[in-house]
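1. Okay, sequence plus prediction incoming.
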Amino acid sequence: MSDDSKKTDEKAEDSASTDVVATKTEKPVTTDGDGHAEGVAPEKSYLTASRGVMSWLVTVDHKRIGLMYLVATMFFFLVAGLLAIALRTELFTGQQDFMSAATYNKVFTLHGAIMVFLFIIPSVPAGIGNFVLPLMLGAKDVAFPKLNLLSFYVYCIAAVMLILTLVLGSLDTGWTFYTPYSKSTGTAVIMATMGAFVAGFSSILTGVNFVVTTHKMRAPGMTWNRMPLMIWALYATALIQIMATPVLAITLFLLVIERTLSVGIFDPAMGGDPALYQHFFWFYSHPAVYIMILPGFGIISELITVHSRKHIFGYRAIAISSVAIAVISFFVWGHHLFVSGQSELAGIVFSFLTFAVAVPTAIKVFSWVATLYGGSIRYTTPMWYAIVFLWTFTIGGLTGVYLGTLSVNVHLHDTYFVVAHFHYVMVGGTVVAFLGGLYHWWPKMFGRMYNETAGKISALLVFIGFNTTFLTQFFLGHQGMPRRYYAYLPEYEVMHQVSTVGAWILACGLFLVLFTLIHAIKSGERATANPWAAVSLEWRTASPPIEHNFHATPQVTGSPYDFPEIDKSGKH
């Protein structure tokens, strides 16, 4: 960043700090460049306020809990990612390379289960969200701090249960636990499903905490129309967590009952209906897709507006579309069952509802692009990831409409086309947004800046590796390559090899992300309170923040997206 840019940042920071911060008696409080109140002795950060392992294990500080979630979820991201690399390496040729067919089934099942239940679902809401939500609201903590800590330990218990499947015969059903196979297989289905069952309670507790915090603990002056869009996204996500997760819990519990008590619920041999399981499972799991991606939408809204120095286009439309997605997502589960034997009328209805849920998503994409237009764009590492997101997620969203078309889905169902679409949404969307969010808030979390060049190289490697891996899988699926197959015909081998090389490149990019961020903690330059010259409340605190977040109760008087470079009038 040039000296002129730094001066502009400092001016913007100073003007913003006097605009949004006031004491409880409405006296303005100014802050220095490190976010400390003038005339007040600097306090210890939340990282050093108390020391020792026990101080972390029993903490009720949302920031520390958020960091513990981050460490745990990133560990399981590493585990699931290594399993994915093993899968892609095995698929380099169409014959057995280094694992048997039975081992392959277990590896791809564990990859999916760990990635979905232990990483993607909790990573942004419970990790980044736990850290930034109270700060962005101007609150000292979440509404129920002890419940927040409980949700983390419930998550840890669920993680242990899922990992225990490795020593109990592993799991080979796929991460969806489809019946009737999950009823008859001799692998550790009960332990795995109970692990997912317990993980659901962690999601529910986090969701309840976020909803109450958003309703009851906003800073004075922060109306619903002044909330950062990250808060809107986390709020909509919390609503889905609360309403949808119990359905999954009941479904998995019924599966355990069927296996242990031999009660005919889903097994046709016992008078059950396997399609009923699919309806129950996807009634949760399709909204769960938005549990995964909605927080990513919130991150991208923050990255694009802050790093383009421009008030976000269509604020209200983006905010309302988050809630609209949360609502409509409960009515589209049937597009996963187009070939299950459901009626033609049901298929047509679910197809049109799938198109409907694309509308509020498209509103967001158009608004982000319109925000970039005419903006004073700064090509920082977070902005690089935001641009990568716009490319990869848009492909994922458009191919979702493609698959939502009934006549097309019948031919592409259970092919690699679905694998590619799913990963373009989950990895190209959620994971890319997650990485961008880490780079954006890392200086706030640890008070250290990372190497920008290394960060940009990581974004480039992730972009190249990801598209090389999964773009080829669209062509594989279109040519008829079925998913979840251990062996394949020779004509598919070249594209599989390209996909595998892409996975190796992607892995290099992700390891570079890990190295860059860890190196920043140890050796990075000290970060100012507001290195991006942002306007929302989390940048009015020190970097890293003090234990109770703010020296005084913030007073919000304007939008979180009024930037002096372009929005000189402060109007929108």
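-> Structure received.
2. All the helices of the stretch 351-500 of the chain, residue numbers only.
-> Along the stretch 351-500 of the chain, the segments classed as helices by DSSP state H, counting those that start in this stretch run 381-404, 406-412, 416-425, 432-446, 452-478, 493-523.
3. And the helices in the stretch 51-200 of the chain?
-> Using DSSP H, counting those that start in this stretch, helices in the stretch 51-200 of the chain cover 53-57, 62-90, 101-113, 121-122, 130-137, 145-164, 181-184, 189-216.
4. The helices of the stretch 351-500 of the chain into a markdown table, with extra columns for distance to Ala233?
-> C-beta here means a position set from N, CA and C on the backbone, and glycine is covered the same way. Converted to a markdown table, those look like this (distance: least, CB to CB, whole Å):
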| stretch | distance to Ala233 |
| --- | --- |
| helix 381-404 | 14 |
| helix 406-412 | 28 |
| helix 416-425 | 15 |
| helix 432-446 | 10 |
| helix 452-478 | 22 |
| helix 493-523 | 22 |
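5. Looking at those helices, which is nearest to Ile231?
-> helix 432-446 (13.7 Å; CB to CB).
6. got any ranges where this protein has weak pLDDT?
-> 1-42, 565-572 (pLDDT under 70).
7. which parts of stretch 523-532 are buried?
-> 524, 527-532 (16 or more other CB atoms under 10 Å).
8. closest to Val388 among those residues?
-> Trp532 (18.3 Å).
9. Just confirm the closest one is within a strand.
-> No. Going by DSSP: H, G, I helix; E, B strand; the rest coil, the assignment for Trp532 is coil, not a strand.
10. List the residues that contact the nearest residue to it once chain neighbours are set aside.
-> Setting aside the residues directly before and after it, Trp532 is nearest to Val306 in space (CB to CB, 6 or more residues apart in numbering), at 5.3 Å. Contacts for Val306 (CB atoms under 8 Å, 6 or more residues apart in numbering) come out as 382, 440, 532, 534.
11. before we move on, which element is Val306 in?
-> For Val306, the host element (DSSP states H and E) is helix 274-307.
12. That helix vs helix 189-216, what angle?
-> If you take axes from the mean of the first three to the mean of the last three CA atoms, to 10 degrees, helix 274-307 sits at 40 degrees to helix 189-216.
13. How far off centre is helix 274-307?
-> Remark: helix 274-307 is offset 8 Å from the chain centroid, using CA atoms, centre = their mean, to the nearest Å.
14. Next, the angle helix 274-307 makes with the helix or strand following that helix.
-> Next along the chain after helix 274-307, taking DSSP H and E as the criterion, comes helix 315-328. When the same axes, to 10 degrees is applied, the directions of helix 315-328 and helix 274-307 differ by 170 degrees.
15. For helix 315-328, name the packing helices and strands.
-> Helix 315-328 sits against helix 229-261, helix 274-307, helix 344-372, with contacts defined as 3 or more CB pairs under 8 Å, 6 or more residues apart in numbering; DSSP states H and E.
16. quick one: buried residues of the shortest one?
-> Along helix 344-372, the positions that meet the burial threshold by neighbour count (16+ other CB under 10 Å) are 347, 349-351, 353-354, 357-358, 360-361, 363-365, 367-368, 371-372.
17. wait, Leu67 sits on Lys444?
-> No. Look at Leu67 against Lys444 with CB atoms under 8 Å: they stay out of range, at 11.7 Å.
18. among the helices of the stretch 351-500 of the chain, which is the most enclosed?
-> Mean neighbours per residue, mean count of other CB atoms under 10 Å, is largest over the helices of the stretch 351-500 of the chain for helix 432-446, with a mean of 25.
19. Any chance you could list what contacts stretch 69-77?
-> Contacts of stretch 69-77 (CB under 8 Å, 6+ apart): 114-115, 118-119, 122-123, 126-128, 130-131, 152, 155-156, 159, 514.
20. ugh, wrong one, stretch 267-287
-> 176-180, 183-184, 240, 243-245, 247-248, 250-251, 254-255, 258, 262-266, 326, 329-330, 332-337, 340-342.
21. quick one: contacts for Thr165?
-> 110, 171, 187-188, 191-192, 195.
22. And the residue lying closest to it once chain neighbours are set aside, how close does it get to Thr179?
-> With CB to CB, 6+ apart as the criterion, Thr165 has its nearest non-adjacent residue at 4.1 Å, and that residue is Ala188. Distance, Ala188 to Thr179, by CB to CB, to the nearest Å: 16 Å.
23. The two: who's more crowded?
-> Just comparing Ala188 and Thr179: by other CB atoms under 10 Å the higher neighbour count belongs to Thr179, 26 against 23.
24. Verify the contact between the more buried one and Phe266 for me.
-> Yes. Using CB under 8 Å, Thr179 makes contact with Phe266 at a distance of 3.9 Å.
25. Quick check: neighbours shared by those two?
-> Going by CB under 8 Å, 6+ apart, residues that sit against Thr179 and also against Phe266 are 255, 258, 272, 274, 277.
26. which of the residues you listed count as buried?
-> Buried among the shared contacts of Thr179 and Phe266 (16+ other CB under 10 Å): 255, 258, 272, 274, 277.
27. Now the fourth one. Nearest residue, chain neighbours left out?
-> If I follow you right, that is Pro274. That would be Thr179: by CB to CB, 6+ apart, it lies 4.6 Å from Pro274.
28. mind listing what that neighbour touches?
-> 255, 258, 266-267, 272, 274, 277.
29. okay, those in CSV with distance to Arg483 next?
-> Output for the contacts of Thr179, formatted as CSV (distance: CB to CB, whole Å):
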residue, distance to Arg483
Leu255, 22
Glu258, 26
Phe266, 22
Asp267, 24
Gly272, 26
Pro274, 19
Tyr277, 19
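30. so which of those would you say is closest to Arg51?
-> Distance to Arg51 across the contacts of Thr179 (CB to CB) is lowest for Leu255, with 45.1 Å.
31. how much space between the closest one and Pro246?
-> From Leu255 to Pro246 the distance is 15 Å (CB to CB).
32. again, but for Tyr46
-> 33 Å.
33. Neighbour count for those two, which is higher?
-> Higher neighbour count among Tyr46 and Pro246: Tyr46, with 23 against 14, using other CB under 10 Å.
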